Structures are given as C-alpha cells and as structure tokens.
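>>> Sharing a model that was predicted from the sequence below.
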Amino acid sequence: MTDRISIISAKLLVKNWGTLSNVTLDYRHKSGTVQRLEREVYDHGSAAAMLLHDPARDTVLLVRQFRLPPLLNGDAPDLLEVCAGLLDGEAPAIAVAREALEETGHDPMDVRHVCDIYSCPGSLTEKVSLFLGLYDQDTLRHAGGGLEHEGEEIELVELDFSQALAMTRDGRIVDAKTIILLQHLALQRA
Ligand SMILES: Nc1nc2c(ncn2[C@@H]2O[C@H](COP(=O)(O)OP(=O)(O)O[C@H]3O[C@H](CO)[C@@H](O)[C@H](O)[C@@H]3O)[C@@H](O)[C@H]2O)c(=O)[nH]1
Ligand SMILES: [Mg+2]
C-alpha cells in the first residue's frame with residue numbers, strides 16, 4: 001500500500017448486494033508511532049452521474065426517487081438528484097450514458113467529464129465520476145423512469161437552472177453529487 005500503512009487483514013462481515021469488511025491496519029503517525037486500527041468499509045463498486053442542461057431554455061433535468069437511508073436518518077425519502085448509477089463493470093462514460101437513457105429517456109450531447117469525487121470516503125470505496133451533458137427535444141428517445149423490475153420508480157423533474165440552484169441553498173436539494181454539478185455549472189458561467 002504506502003509505507004505509512006500496512007493492511008494486516010480484511011475480515012468479510014457481510015457479502016450480499018454489497019460487501020462489508022472489517023479491515024485491520026497498522027497506521028504510522030508522523031511522530032513515528034505505529035497504531036493498529038480497525039475500520040469497517042462498504043464496497044458496492046463505483047458510480048457515475050450526469051447533470052443534463054438545456055442551454056437554450058436554461059433548464060436542467062433531474063430525477064426524483066425513493067432513497068431509504070435518508071428516511072432512516074429522519075429526512076424526507078424522495079430525493080431530487082442528477083441521473084446516476086453504478087458502473088456494472090463499465091467505464092464511467094459508458095455507464096453514465098446508459099443511466100441517463102434509462103432514467104431520463106435522453107441520449108445527451110456534448111458530454112463532458114467534470115471531476116471525480118469520493119461520496120463518503122470514511123466508509124465507502126465508491127468513487128463517483130461526474131459529467132455534464134446537454135439535452136433538448138432532439139435527444140429524447142423514450143419516456144425514461146428507470147427499471148421497474150429493479151424496484152426503481154423515477155419521476156422526471158425539469159427546473160429552471162436558477163430555481164434548481166436556489167433549491168441547493170434552501171434544503172430542497174440535499175444530494176451531494178447534484179449540488180456539486182449545479183454549483184459547477186454556476187461557476188462555469190460566473
Ligand atoms: N437487491 C438490491 N438492490 C439494490 C440494493 N441497493 C440498491 N439496489 C438497486 O440497485 C440499483 C442501483 O441503481 P443505479 O441507478 O445503478 O444506482 P443509484 O442508486 O442511482 O446510485 C447513484 O446514486 C446514489 C445515491 O446518491 C449514489 O450513492 C451512487 O453513488 C450513485 O451515484 C437500483 O435498481 C436499486 O434498487 C440492495 O441492497 N439490494
Ligand atoms: Mg440511478
């Protein structure tokens with residue numbers, strides 16, 4: 001790994017949809033002291049997400065869907081997000097195009113990689129590749145809505161960009177990847 005860190009063992013706690021492991025490691029502090037630590041890590045693979053923007057009308061196309069963890073944390077469970085999905089072994093650019101089509105029905109144009117983020121680096125191995133893409137009436141292929149047989153029920157929500165940005169400030173948009181992409185678009189035109 002690195003000369004600061006030695007992985008001693010990784011004990012599999014749960015292998016189901018994702019994999020939860022308890023990792024034992026030796027961490028050498030700057031002082032030279034070596035400390036044995038245990039950390040639980042959840043691995044469900046990496047992901048990709050895309051903000052769809054229509055520059056002519058200055059709108060964005062988001063998706064609203066049920067998310068269990070916010071509900072368990074005492075928040076509203078229907079989150080407004082950019083379209084996104086897990087990689088399923090694909091390259092991020094391929095996966096994000098597939099997810100955009102499944103979830104929004106659009107085959108976006110001029111897709112551009114923005115940055116990669118660790119969504120929760122203390123607990124998850126997941127790295128999310130963020131993209132910006134353009135949509136309009138010519139990129140529409142079908143109604144979208146996600147895959148019902150996988151338990152998805154996705155509502156498409158089109159908003160004026162300024163309204164979506166305001167919603168990141170008043171708590172109506174709380175998903176990190178969505179906030180980052182909306183702020184990226186705002187910075188780009190500032
Ligand atoms: N059987 C089973 N299926 C699951 C489980 N967890 C999720 N799924 C299913 O796996 C699929 C995941 O859908 P994707 O569109 O590929 O991923 P996503 O959930 O949209 O993930 C994106 O958004 C998340 C929330 O912000 C992000 O956490 C993630 O990184 C990614 O960006 C969905 O059909 C969902 O129902 C589980 O524990 N068991
Ligand atoms: Mg998804």
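That came in fine, so what should we check first? Residues are numbered from 1 along each chain as shown. Ligands and ions are numbered 1, 2, ... in the order given.
>>> what residues does stretch 48-56 touch?
Applying CB atoms under 8 Å, 6 or more residues apart in numbering, the external contacts of stretch 48-56 come out as 59-61, 81-85, 87, 92-93, 95-96, 99-100, 104, 106, 108, 111, 128-136, 161, 177-178, 181-182, 184-185. To be clear about C-beta, it is placed using only N, CA and C from the backbone, and glycine gets the same treatment.
>>> switch the cut-off to 7 Å
With contacts defined as CB atoms under 7 Å, 6 or more residues apart in numbering, stretch 48-56 is touched by 60-61, 82-85, 87, 92, 95-96, 99-100, 104, 106, 108, 111, 128-136, 161, 177, 181-182, 185.
>>> Bridge partners for E38, pull those for me.
T24 (DSSP bridges).
>>> Compute the distance between it and V14, please.
Using CB to CB, to the nearest Å, E38 is found at 16 Å from V14.
>>> what's the neighbour count on S21?
S21 has 17 neighbours, counted by other CB atoms under 10 Å.
>>> what about the helix or strand it falls within, average pLDDT?
Using DSSP states H and E, the element containing S21 is strand 19-28. The pLDDT scores in strand 19-28 average 98.
>>> do stretch 103-120 as well
The average pLDDT within stretch 103-120 is 97.
>>> And it, what's buried?
Across stretch 103-120, burial judged by 16 or more other CB atoms under 10 Å covers 103-108, 111, 114, 117.
>>> For those residues, name the two members farthest from one another.
Put simply, by CB to CB the two of the buried residues of stretch 103-120 set farthest apart are G105 and I117, 25.8 Å from each other.
>>> what's next to stretch 116-134, contact-wise?
Residues from elsewhere that reach stretch 116-134 (CB under 7 Å, 6+ apart): 41-55, 92, 96, 100, 108-115, 176-177, 180-181, 185.
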